[in-house]
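Q: here you go, sequence then predicted model.
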Amino acid sequence: MSKKIKVSPSILASNFSMLGEEVEHISNAGADYIHVDVMDGHFVPNLTIGPDVVKSIRDKTAVPFDVHLMIDPIEPYIDGFVNAGADIISIHPEANDDTEKCLNKIKSHNVKAGLAINPDTDWEVVKPYMNVLDLILVMSVHPGFGGQKFISSAIDKLKSLRKEIDQSGREIELEVDGGINFENIQSVIDAGANVIVAGTTTFKGGQSEYRNNIEKLRGH
Ligand code: DX5
Ligand code: ZN
């Protein structure tokens, strides 16, 4: 139960006009990962950033890049994000692309592979991939935008997945993404999450508050 909690700030909530500086600040403030939300205006109704932008901020920090692909198709873009310096790449099984093929392609580059599951998707979708996964990402909002309200059904999903991961005996991280704040964080940790994505909550109050926000999320 004394698992280390990692905080993965979503740069979607940062000031894009000074993205490099924001990545440096959030790293110095203690971020464990940098969460990069990639949206294609097709799989989700919003457009964000692509591999060139990820590459441009890669040398601003040594903190691992946790890249969350909300795109369809997936496969043609994997190499681009690998070359841009992604350390973890998570994909959605709800996309029409071949999930297994994409996960294997990510792993073939020695990059960690994650599966991200939407609020309406059953947690059991992970089962066929337990042997290859390094991370499971539970969406606690419908993907597309930062600043949404936490969907509480994510709690039961986290509990089921925590059980499944522990039974597998594999080291798979359990990440939760969307609407996390100081009030609900303990409930997702208690349910078994060990990586917490937080956009709005981490970047609240400007750069002088980042350290404080991250430490408060981590609980010490
Ligand atoms: C939603 C994204 C999340 C989101 C997190 O599609 O995957 O990473 O931006 O932002 P907050 O913490 O503001 O909900
Ligand atoms: Zn995300």
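A: In hand now; what should we look at? Ligands and ions are numbered 1, 2, ... in the order given.

Q: when you work out contacts or count neighbours from here on, use the C-alpha atoms and nothing else.
A: Fine.

Q: would you mind listing what in this protein touches ligand 1?
A: Proximity of the chain to ligand 1, by CA under 6 Å from any ligand atom, involves residues 10, 12, 37, 143-148, 177-180, 198-200.

Q: what bits of the protein have low per-residue confidence?
A: 1-2, 220 (pLDDT under 70).

Q: tell me where it has helices.
A: Secondary structure of the chain (DSSP state H): helices located at 19-28, 51-58, 75-83, 99-108, 154-168, 185-190, 200-203, 210-218.

Q: tell me which of the ones you listed is the most buried.
A: helix 200-203 (a mean of 24; mean count of other CA atoms under 10 Å).

Q: what's it in contact with?
A: 9, 13-14, 146-147, 179-182, 209-210, 213-214 (CA atoms under 8 Å, 6 or more residues apart in numbering).

Q: residue contacts, Ile88?
A: With contact set as CA under 8 Å, 6+ apart, Ile88 has these partners: 64-67, 111-114.

Q: is it in a bridge, and if so with what?
A: Beta bridges link Ile88 to Asp66, Lys112, judged by DSSP bridges.

Q: please tell me how far it sits from Tyr77.
A: With distances taken as CA to CA, to the nearest Å, Ile88 is found 14 Å from Tyr77.

Q: cool, and Asn194?
A: Separation of Asn194 from Tyr77 (CA to CA) stands at 28 Å.

Q: who's in contact with the spatially closest residue to Ile189 that is not a sequence neighbour?
A: In this structure, Ile189 finds its nearest non-sequential neighbour in Ile5, 8.0 Å apart by CA to CA, 6 or more residues apart in numbering. Counting by CA under 8 Å, 6+ apart, Ile5 makes contact with 189, 194-196, 218.

Q: just the ones of the contacts of helix 200-203 in strands?
A: Using DSSP state E, Pro9 are the members of these that sit in strands.

Q: among the contacts of helix 200-203, which one has the most neighbours?
A: Pro9 (30 neighbours; other CA atoms under 10 Å).

Q: for that residue, which residues make a bridge with it?
A: Note on Pro9: beta-bridge partners by DSSP bridges are Ala198.

Q: circling back to that earlier point, now tabulate the helices of the chain in JSON lines and tack on distance to Asn118.
A: As requested, these are exported to JSON lines (distance: least, CA to CA, whole Å):
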{"stretch": "helix 19-28", "distance to Asn118": "27"}
{"stretch": "helix 51-58", "distance to Asn118": "23"}
{"stretch": "helix 75-83", "distance to Asn118": "19"}
{"stretch": "helix 99-108", "distance to Asn118": "15"}
{"stretch": "helix 154-168", "distance to Asn118": "9"}
{"stretch": "helix 185-190", "distance to Asn118": "16"}
{"stretch": "helix 200-203", "distance to Asn118": "19"}
{"stretch": "helix 210-218", "distance to Asn118": "23"}
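
Q: touching, Arg211 and Gly30? I think so.
A: Yes: taking CA atoms under 8 Å as the definition, Arg211 is a contact partner of Gly30 at 6.4 Å.

Q: what separation do you get for Ile71 and Asp40?
A: Taken as CA to CA, the span from Ile71 to Asp40 is 5 Å.

Q: with neighbour numbers in mind, choose between those two.
A: Neighbour count, other CA under 10 Å: between Ile71 and Asp40, Ile71 has more, with 22 against 18.

Q: what does that one show for phi and psi?
A: Main-chain torsions, Ile71, degrees, to the nearest 10: phi -140, psi 160.

Q: understood, closing this out.
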